[in-house]
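Could you work out the structure for the sequence below:
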Amino acid sequence: MTVNTSKRIINCAITGSIHTPTMSPYLPITPEEIANSALEAAEAGAASVHIHARDPENGMPTPDLELYREIIEKIRAKNKDVIISGLTVGIIGYAIGNYLGISIAFLLR
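Numbers count the residues shown, from 1 in each chain. This next block holds a predicted model:
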C-alpha cells in the first residue's frame, strides 16, 4: 500500500494562549483583529484556525463568551468552511467551566 505524503492539513494558532501585546506588537487583540487574522490564514491555505479571545482593553486572555461569539460570527460571516478550534487548555486563574462553556456554546454546534 502506498501512502500519499503530499497532502497536509495546516492549522494556524492566531494568538497563542499566553501571549500578550508586550511580547509582540503584531498580536491581534480585538475581535475584529483576531477574526481578520483567522480569515487571512484561511485565505493563505489554513484548513483550521485556533483562537483565543483577548480583552480588547489590555490584550490579556479571557474566557468571555461574548468576545468568542463576536470572533466566531465575524469569521463565519465570510468563511463557512474553515475549521475553528478553541480552547484545548485553560488559562491560569480561570476555572475549567469557563472553557467548557465556550466549546458547548460555539464549537460543538
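
List the buried residues for stretch 62-78?
Buried residues in stretch 62-78, counted by 16 or more other Cβ atoms under 10 Å: 62-64, 67-68, 70-72, 74-75. No exception for glycine: its C-beta is placed from N, CA and C like everyone else's.

Can you add secondary structure and give these back as a markdown table?
A markdown table is the format used below for the buried residues of stretch 62-78 (DSSP: H, G, I helix; E, B strand; the rest coil):
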| residue | secondary structure |
| --- | --- |
| 62 | coil |
| 63 | coil |
| 64 | coil |
| 67 | helix |
| 68 | helix |
| 70 | helix |
| 71 | helix |
| 72 | helix |
| 74 | helix |
| 75 | helix |
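
Report the lowest-confidence entry in the residues you listed.
Lowest pLDDT within those is found at residue 63 (81).

shouldn't that residue be in contact with residue 52?
No. Applying Cβ atoms under 8 Å as the test, residue 63 and residue 52 come out as separate, 9.2 Å apart.
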